[in-house]
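**Q** here is the input, now give the coordinates:
(2 chains)
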2 protein chains.
Amino acid sequence: MTPSEARARDAADPLRTYRDAFHIPDGVIYLDGNSLGPLPRTTPAALADLAERQWGDRLIRSWNEGWIEAPRRVGAKIARLIGASKDEVIVADSTSVNLFKLLVAALRHASPRGTILSETGNFPTDLHIAEGAVGCVPGSRLHAVARNQLATSLDGETALLMLTHVHYKTSQRFDMSAWSAKARENGALTLWDLSHSVGAIPIDLNGAGADMAVGCGYKYLNGGPGAPAFLYVSKRLQEMLASPLSGWMGHAAPFGFADAYAPAPGMTRWLAGTPPMLGMAALEAGLDIWRDVDQQQVAVKSAALFDTLAAIGRNAGLDCVSPADPARRGSHISFRHPDAYAICQALIDRGVIGDFRDPDILRFGLTPLYLGFADVVRAGEILCEIVASGAYRDPAYQARNAVT
Amino acid sequence: MTPSEARARDAADPLRTYRDAFHIPDGVIYLDGNSLGPLPRTTPAALADLAERQWGDRLIRSWNEGWIEAPRRVGAKIARLIGASKDEVIVADSTSVNLFKLLVAALRHASPRGTILSETGNFPTDLHIAEGAVGCVPGSRLHAVARNQLATSLDGETALLMLTHVHYKTSQRFDMSAWSAKARENGALTLWDLSHSVGAIPIDLNGAGADMAVGCGYKYLNGGPGAPAFLYVSKRLQEMLASPLSGWMGHAAPFGFADAYAPAPGMTRWLAGTPPMLGMAALEAGLDIWRDVDQQQVAVKSAALFDTLAAIGRNAGLDCVSPADPARRGSHISFRHPDAYAICQALIDRGVIGDFRDPDILRFGLTPLYLGFADVVRAGEILCEIVASGAYRDPAYQARNAVT
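**A** A predicted model of the protein is given here:
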């Protein structure tokens, strides 16, 4: 695609106006919205209102004026992006903490089955938290196998199949319907981590028959650094599962101040402590952008942006590790290169922000709401220049930061 | 104390200038800072900087420019308020979630001892979370007894003594040194919930020989609604305890992306998910006010404000349930009254914001940084008028809200 062809595609893009909803710094092409979504233009005012009016002026009264409902209200806004009913999603804690709650609850429910089946190379916190969860449920264990061994590893011991819908490194996507069916036929529950798919590709949890899910607020949902996360439990399971993190906000009567815990009905039982209202306000501002977005248009544009960058990478001789078939991938593209870290640093120096994933993955988030074809073509040109010139060999690009 | 005496006390108050650090709405006397501290004047700018510059302009690069260190940096600012070394405190999650982590870790460490000893009527989330924690450690149990039975209930089965330093309803304070010693002599660990004491009274965890502690950021620390919480582990125990919430941010090498969990050294292992940076920025702004505060002056003024309101309550015939001895209480005062809820609502209508705790407690936070003697005397006058006139019998004051 030439730059002028790219500009023509952008001019015809039905999603082009959403770019104005975000603050993208001058001189930056931001290909890391799959790690931290950019600032929505409405968020500073939402935060100022939360801080100055709701907290500053209304003080404690705000708990009765919208705060106490926020986890459910914001959860309902996520529900429509993931094919769930509004009373199947709640916003709470972090993805890691939510995963722990659901894993322990599901293992107890599924007993005597005791195996969490997952994939080696899954996003680390999923496996780490699963280790922690099985340590809390006697007789349970974590069994992580390569993707091509998952189907044959589902057996009568499998309590639940824990998969990340879109892989954080490779962008490979599981067929949620097919795997949910396979697990169900096997008598196992499913738990999906949607962190790299929510807001990136269409998701239909109910349609797929998924049992549980968790996901992140700060990637494609643009909720801000460390935004609160969400969890989903299918209505058919809600009253059968209880949280091991039995905090007061998940109590049936939190202000009754009883000594004994009793779980609240519905999704409220998955709350533990007091909702983080600043993070909640930013997440809600990010979600409100999605209100009228046509998710099918997002999927079509995501695929086209990907194909554009994949073609550029192919011409530059880069090794793309992400699937060619749009139905089998998410909205980021990854290339393998032994100098991935240094190339990533050289790109940042030229205003192209992607990221690096240890040990050799160069990853670019292709986020249809605020990226255009001209951005991707320009980023691809710069990438090709850096690879062709060997500019990344500069020692300054080799020194690693704490976080990448 | 007459209004003119109160004004004279305020004029001589060495802490009087701190009032300007907070936004207190016109016409409000805020006696609920023990539930939600008011907005520091610096917080809106700190949030705007976090959102607009750090997130908006610097985007993902901010993780390397201060964010990743925030849980430890902000923890160190709390450490000096609680008599801990700066590497003994970290900011993470909520009080409830932190409590769960420490309880499970401590029960595993203390095995074969398996009892969490605590107090009936403790803050509910402490008991609820303890229920959840013992459900995750086979052979453990929660034993909650009345305060006067605690000493005789410490026995060879006690793994840890979990106490709330200052009681949320009555303001009763445990002698931390004496109870830590008693537990230690008995071979048990101690875990202190500092939610109602941090920023209210001097605390010396190291001096008292306390083993573990958790606490809240949104009360006397003024970190905002649902602010991140903190946890403390004595250096002598740090390498012996590991978190059941083994998320990636507590991993020894979070960006190594290994499948197997390995806890980070020191306090970092108590992190689970990505730090909530908006809440963290607001908490840090709140804590920075405390930098040069003389905590002894806070204690002296707290006691004097309490005695002032206690005397007014006595004259009005109210039943004070908080201790008369300043060394045995926190910085809030509670009165028992069968119409506590309605009185609280009538007070709010007159601009005096305190709170109600089920079933019959009227509670007032006496926060020395932004309250003066004239405020307390005026609030006391209004309280007396409402009680004497029976204005609280108005049906409008009897209808309960969701949260109070």
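
**Q** now do the helix or strand of chain A with the lowest mean pLDDT: which elements does it pack against?
**A** For chain A, using mean pLDDT, DSSP states H and E, the weakest element among its helices and strands is strand A:355-357, scoring a mean of 92. The elements that strand A:355-357 packs onto, with contact taken as 3 or more Cβ pairs under 8 Å, 6 or more residues apart in numbering or on different chains; DSSP states H and E, are helix A:340-349, strand A:361-365. Yep, even glycine has a C-beta here, placed from its N, CA and C like the rest.

**Q** cutoff 6 Å now
**A** In this structure, strand A:355-357 makes packing contacts with helix A:340-349, judged by 3 or more Cβ pairs under 6 Å, 6 or more residues apart in numbering or on different chains; DSSP states H and E.

**Q** contact partners of the helix it packs on?
**A** Residues outside helix A:340-349 that contact it (Cβ atoms under 6 Å, 6 or more residues apart in numbering or on different chains): A:354, A:356, A:360-362, A:386, A:391-392, A:397-398.

**Q** break chain A into its domains for me.
**A** What the record gives for chain A is the domain set A:3-30+A:294-397, A:46-291, from automatic domain parsing.

**Q** residue of the stretch 51-200 of chain A nearest chain B, please.
**A** Among residues of the stretch 51-200 of chain A, the one nearest chain B by Cβ to the nearest Cβ turns out to be A:Ser94. It sits 2.5 Å away.

**Q** so what's the closest residue to that residue other than its chain neighbours up against?
**A** Nearest-residue entry for A:Ser94: B:Gly273, 2.5 Å, with adjacent residues in sequence omitted and distances by Cβ to Cβ, 6 or more residues apart in numbering or on different chains. Going by Cβ under 6 Å, 6+ apart, B:Gly273 touches A:94-96, B:247.

**Q** how does it look with 7 Å?
**A** By Cβ atoms under 7 Å, 6 or more residues apart in numbering or on different chains, the contact set of B:Gly273 is A:94-97, B:247, B:249.

**Q** model confidence for it, exactly?
**A** Per-residue confidence for B:Gly273 comes out at a pLDDT of 97.

**Q** same check, this time on A:Val403
**A** In the predicted model, A:Val403 carries a pLDDT score of 51.

**Q** can you show me the strands along the stretch 251-400 of chain A?
**A** Listed from the start of the chain, the stretch 251-400 of chain A has strands (DSSP state E, counting those that start in this stretch) covering A:319-320, A:332-336, A:352-353, A:355-357, A:361-365.

**Q** my read: A:Lys86 touches A:Ile78, true?
**A** No. The pair A:Lys86 and A:Ile78 fails to qualify as a contact (Cβ atoms under 7 Å) at a distance of 9.2 Å.

**Q** who has more neighbours out of those two?
**A** A:Ile78 (28 against 14; other Cβ atoms under 10 Å in any protein chain shown).

**Q** quick one, phi/psi of A:Ala316?
**A** Geometry field for A:Ala316 lists phi and psi as phi -90, psi 0, criterion degrees, to the nearest 10.

**Q** correct me, but it touches A:Val387?
**A** Yes. In this structure, A:Ala316 sits in contact with A:Val387. The criterion is Cβ under 7 Å, and the distance is 5.3 Å.

**Q** more neighbours: which of those two?
**A** Neighbours of A:Ala316 and A:Val387, each counted by other Cβ under 10 Å, are more numerous for A:Val387; the result is 21 against 16.

**Q** isn't that one right up against A:Gly313?
**A** No. Taking contact to mean Cβ under 7 Å, the distance of 9.2 Å between A:Val387 and A:Gly313 leaves them out of contact.

**Q** stretch A:25-40 vs chain B: in contact?
**A** Yes. Part of stretch A:25-40 sits close enough to chain B to count as contact by Cβ under 7 Å from any Cβ of the partner chain, namely A:25, A:30, A:32, A:35-36, A:38-39.

**Q** show me just the buried residues among those.
**A** For these, burial is judged from neighbour counts taken by 16 or more other Cβ atoms under 10 Å in any protein chain shown, and it is met by A:30, A:32, A:35-36, A:38-39.

**Q** buried stuff in stretch A:38-58?
**A** Of the residues in stretch A:38-58, those scored as buried under the neighbour-count criterion (16+ other Cβ under 10 Å) are A:38-40, A:42-44, A:46-48, A:50-52, A:54-58.

**Q** one step back: least confident of the strands of the stretch 251-400 of chain A, on average?
**A** Set side by side, these differ in mean pLDDT, and strand A:355-357 is lowest with a mean of 92.

**Q** in chain A, which spans are helices?
**A** With DSSP state H applied, chain A shows helices at A:3-11, A:43-48, A:70-79, A:95-110, A:124-134, A:150-153, A:176-185, A:205-208, A:277-288, A:295-315, A:340-349, A:373-389, listed in chain order.

**Q** please name the bridge partners of the nearest residue in space to A:Gly330 that is not next to it in sequence.
**A** Computed as Cβ to Cβ, 6+ apart, the closest residue to A:Gly330 that is not its neighbour in sequence is A:Val166, at 3.2 Å. In this structure, A:Val166 has beta-bridge partners A:Arg173, where bridges are defined by DSSP bridges.

**Q** so who does A:Val166 touch?
**A** Applying Cβ under 7 Å, 6+ apart, we find A:Val166 in contact with A:173, A:196-197, A:200, A:330.

**Q** looking at those residues, which has the most residues close by?
**A** The member of these that has the most neighbours, counting by other Cβ under 10 Å, is A:Ala200 with 31 neighbours.

**Q** A:Pro38 against A:Pro25, yeah?
**A** No. With contact defined as Cβ under 7 Å, A:Pro38 does not count as touching A:Pro25 (8.6 Å).

**Q** thinking A:Gly215 is in contact with A:Ala200, fair?
**A** No. Using Cβ under 7 Å as the test, A:Gly215 is too far from A:Ala200 to be in contact (10.7 Å).

**Q** what's the angle between the longest strand seen in chain A and helix A:176-185?
**A** In chain A, ranked by residue count with DSSP state E as the criterion, the top strand is strand A:158-164. Using axes from the mean of the first three to the mean of the last three Cα atoms, to 10 degrees, the direction of strand A:158-164 lies 170 degrees away from that of helix A:176-185.

**Q** which other residues reach strand A:158-164?
**A** By Cβ under 7 Å, 6+ apart, the list of residues contacting strand A:158-164 reads A:106-107, A:110, A:113-119, A:122-123, A:126, A:130, A:140, A:154, A:174, A:179, A:183, A:186, A:188-193, A:196.

**Q** from the contacts of B:Gly273, which is closest to B:Phe230?
**A** Compare each of those with B:Phe230 using Cβ to Cβ and the shortest gap goes to B:Met249, at 15.1 Å.

**Q** name the nearest residue to the closest one, ignoring sequence neighbours.
**A** Setting aside the residues directly before and after it, B:Met249 is nearest to B:Leu271 in space (Cβ to Cβ, 6+ apart), at 3.8 Å.

**Q** same check, this time on A:Arg147
**A** Counting by Cβ to Cβ, 6+ apart, A:Glu119 is the residue found nearest to A:Arg147 once chain neighbours are left out, at 5.4 Å.

**Q** one more: A:Ile82?
**A** Closest residue in space to A:Ile82, ignoring its immediate chain neighbours: A:Ile203 at 4.4 Å, by Cβ to Cβ, 6+ apart.

**Q** now swap in A:Trp192 and tell me
**A** Per Cβ to Cβ, 6+ apart, closest to A:Trp192 is A:Ala213, 4.3 Å.

**Q** hmm, A:Leu241 is touching A:Val233, no?
**A** Yes. In this structure, A:Leu241 is within contact of A:Val233 by Cβ under 7 Å, at 6.2 Å.

**Q** looking at those two, which has the bigger crowd around it?
**A** A:Val233 (27 against 21).

**Q** for that one, give me its contacts.
**A** Neighbouring residues of A:Val233 by Cβ under 7 Å, 6+ apart: A:88, A:212, A:241, A:267.
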